[in-house]
Structures are given as structure tokens and as C-alpha cells.
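J.: coordinates only, sequence not included:
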């Protein structure tokens, strides 16, 4: 198995177990760890993009569970489109059972994040799938979720 060029210096340094690293080896290790950190997707856009790729089957097989995971990470960072897609997946039962209460929660979060086009989705769910009390509960869940992740709206 070949090692990624990004990890090569780190791998070579790890083979010297038991030896005390000199200053050059310490610098090489720090540089390799820095390159590894930079190679990991950490931006909101990366999280959302990965979710979309798994959700839509772009450059990889469709995997709704992975799409949910990546969309959730993006939503935790305030990505309105990820919250909208999570609502859509909940309505259609993709990645889990069909759940209108959960969908209403995600659409409320997307709306709070500034995505006003989800209002029609909220109206449809409110009119056809949830009681007024359930819809109120979905709003409460959305507010609690936003507070939990301290997302600025």
C-alpha cells in the first residue's frame, strides 16, 4: 500500500520509534502534521458539498446516511442550504423514516438562517401533515437546536 505524499514525511518519522528526534525531524513532523491538517475538509462549503455529493450521487454512489452526516455538520456551522436539504430528506424519508416534525424543524432552521424560500415547505407541512401543536413543537425544537450549536442567524 502506498502512502499519500502528504503523509509520507510523517510516516517516515513514525518508523523511528524509540529514537529521540533531532530538531530537523521535529520540524519535518510539524510540517507533515500541518499538511495533513490542511488536507482535511473543514469549511462549511466542503461539508455541504460532500453532503450534496452523497445525497445526489455526484462522483460517488448515493448514500443518504453519509449525506445526513455531512449536511448536519454544515448546518451546525450555519449553512441554510444544508438545513433545507435535511428538511427535504426528512419529508421523503431518505436516510431515515419519513418525519414531518423533523422536516419542519429543519425548514424552520433554514428559514431562521435566512432561506426564505422554505416558507412554502413550512406552509405545506403545517396545512397537511402536522397539527398546530406539532408545528409549534417543531419551532421550539429548531430554536433549541440553534441555541445548542450557538449558530448566528
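T.: Everything's here; your move. Computed from a prediction, not measured in an experiment: that's the story for all the values here.
J.: Now do the helices in this structure.
T.: In the chain, the helices defined using DSSP state H lie at 8-14, 23-39, 44-56, 64-76, 80-92, 100-112, 119-128, 132-148.
J.: Mind putting the ones you listed into TSV with mean neighbour count?
T.: For the C-beta atoms, the positions are set from N, CA and C on the backbone; glycine is no exception. Listed next are those as TSV, based on neighbours: other Cβ atoms under 10 Å:
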stretch	mean neighbour count
helix 8-14	15
helix 23-39	12
helix 44-56	18
helix 64-76	20
helix 80-92	23
helix 100-112	24
helix 119-128	15
helix 132-148	14
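J.: Could you dump those into JSON lines and include mean pLDDT?
T.: Putting the helices of the chain into JSON lines (pLDDT from 0 to 100) gives the following:
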{"stretch": "helix 8-14", "mean pLDDT": "42"}
{"stretch": "helix 23-39", "mean pLDDT": "64"}
{"stretch": "helix 44-56", "mean pLDDT": "92"}
{"stretch": "helix 64-76", "mean pLDDT": "94"}
{"stretch": "helix 80-92", "mean pLDDT": "97"}
{"stretch": "helix 100-112", "mean pLDDT": "97"}
{"stretch": "helix 119-128", "mean pLDDT": "96"}
{"stretch": "helix 132-148", "mean pLDDT": "96"}
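J.: what about stretch 138-151, distance to the chain center?
T.: 16 Å (Cα atoms, centre = their mean, to the nearest Å).
J.: Just give the nearest non-adjacent residue to residue 59, would you?
T.: In space, residue 59 comes closest to residue 53 once its chain neighbours are excluded; the distance is 5.9 Å by Cβ to Cβ, 6 or more residues apart in numbering.
J.: And the closest residue to residue 106 other than its chain neighbours, how close does it get to residue 28?
T.: Nearest residue to residue 106 in three dimensions, chain neighbours excluded: residue 87, at 3.5 Å (Cβ to Cβ, 6+ apart). Residue 87 sits at a distance of 47 Å from residue 28 (criterion: Cβ to Cβ, to the nearest Å).
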